[in-house]
Structures are given as C-alpha cells and as structure tokens.
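[1] The amino acid sequence is not available; the structure is as follows:
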C-alpha cells in the first residue's frame with residue numbers, strides 16, 4: 001500500500017465502482033445460492049440510509065464499503081470489497097476501520113454484518129473477528145440461513 005491510499009465518498013456512477021460492484025455480485029452468486037445473496041447493487045446503495053466509500057491507491061480504485069443505518073444506534077456493514085489484484089495489502093482493514101470510526105461518530109452502539117458461511121468467506125470472517133465482531137443471530141430483516149453468518153460488534157461509547 002502506498003502513501004497515496006485514500007478513502008473518499010464513492011461515486012456510484014463511476015465505471016470503476018460499477019466494475020467493483022459487478023465483481024462483488026459475481027463472486028457472491030458464484031459461491032452462494034441466489035436466495036442467500038444479500039449484497040447490494042447500485043440501486044440498493046443509492047438509498048438515503050446508505051453511505052458509500054471507495055478506497056483508491058493513487059488513481060486506481062481498489063475497494064469499496066458501505067454503511068447502512070438500521071436505526072439511530074445500529075449500523076450494518078455492507079458491500080465491503082477489495083479488488084482481487086489488491087488483496088493482501090491491508091485495504092480491507094482500512095475500510096473496516098473507516099466504517100467503525102464513522103459508526104462511532106454517528107453514535108451507533110452496534111455494527112452488524114451478514115457474510116457467507118462458505119470457505120470463500122473465511123478471510124472476511126477472520127478479519128471481522130480480529131476487530132471484535134462475534135457471531136450472533138439474524139438481525140434486521142434477515143432470517144436464519146445455513147449459507148449466512150451473522151456477526152455484530154458492540155461499540156464502546158466515545159471510542160471509535
């Protein structure tokens with residue numbers, strides 16, 4: 001990762017963002033049954049309760065992440081993606097740290113996520129666990145699903 005890496009609000013009309021999201025959805029549908037894919041497309045990310053950011057290394061867009069407000073104290077991590085060619089450089093951790101800091105700034109008491117139970121998702125689950133996320137039951141509109149792992153992190157007041 002170079003010193004030119006930056007996280008900015010994402011432009012959902014940017015073709016580089018479209019490519020990242022298309023790659024993300026392609027991977028999700030390749031590893032999970034369609035009814036178990038909860039990834040958001042551009043229209044799902046365009047709603048007011050979702051904030052979306054990208055991470056760039058210089059001019060190269062290398063990842064994205066979203067935060068969906070479930071209620072005034074609970075946010076959901078969505079659409080976290082690092083470009084396959086840029087993996088292993090700590091970009092996912094940077095994106096996760098950004099969302100956690102933003103969640104604390106907003107006063108959320110909890111951040112939750114849904115990810116896959118398949119081996120493909122093990123690196124993501126490992127990253128989330130490293131940051132203190134623990135498995136939990138379904139939240140929001142989710143239902144129990146053997147293809148899903150639900151995780152949550154209780155935030156300490158005043159601490160990102």
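    Good, I have the coordinates. Here the structure is a predicted model, which means the values were calculated and not measured. Numbering: from 1, shown residues only.

[2] Tell me how many other residues surround residue 89.
    Residue 89 is surrounded by 17 other residues when neighbours are defined as other Cβ atoms under 10 Å. Just so you know, the C-beta spots here come from the backbone N, C-alpha and C atoms, and that holds for glycine as well.

[3] residue contacts, the residue minimising distance to the centre of the chain?
    Per Cα atoms, centre = their mean, the C-alpha nearest to the average position across the chain is that of residue 80, at 3.0 Å. Counting by Cβ atoms under 8 Å, 6 or more residues apart in numbering, residue 80 makes contact with 63-66, 92, 95-96, 99, 124.

[4] Which one of the residues you listed is nearest to residue 33?
    Proximity to residue 33 was ranked across those by Cβ to Cβ; first place goes to residue 124, at 18.1 Å.

[5] Retrieve the pLDDT associated with that closest one.
    According to the prediction, residue 124 has pLDDT 94.

[6] what about it, how many residues close to it?
    Around residue 124 sit 19 other residues, with neighbours defined as other Cβ under 10 Å.

[7] For it, which residues are in contact?
    Counting by Cβ under 8 Å, 6+ apart, residue 124 has contacts 80, 92, 115-116.

[8] Just flag the most distant two among these.
    Across the contacts of residue 124 (Cβ to Cβ), the longest gap, 15.0 Å, separates 92 and 116.

[9] if we can go back for a sec, tell me the SS of the residue nearest to the centre of the chain?
    When states are read from DSSP: H, G, I helix; E, B strand; the rest coil, the local structure at residue 80 comes out as strand.

[10] same thing with the one 5 residues further on?
    Three-state secondary structure (criterion: three-state DSSP) places residue 85 in helix.

[11] How much space separates residue 133 from residue 77?
    Relative to residue 77, residue 133 is positioned 9 Å away (Cβ to Cβ, to the nearest Å).

[12] Strand partners (parallel or antiparallel) of the strand with the most length in the chain?
    Once the chain is assigned using DSSP state E, the strand that runs over the most residues is strand 60-71. In the sheet containing strand 60-71, its partner strands are strand 50-57 (antiparallel), strand 74-82 (antiparallel), by DSSP bridges.

[13] ok so, going back, list residues touching both of residue 133 and residue 77?
    Where contact means Cβ under 8 Å, 6+ apart, the residues bridging residue 133 and residue 77 through contact with each are 111, 113.

[14] need the contact list for residue 117.
    Shown in contact with residue 117 (Cβ under 8 Å, 6+ apart): 146-149.

[15] Tabulate these in a markdown table, adding columns for pLDDT.
    As requested, those are exported to a markdown table (pLDDT from 0 to 100):
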| residue | pLDDT |
| --- | --- |
| 146 | 95 |
| 147 | 96 |
| 148 | 96 |
| 149 | 97 |
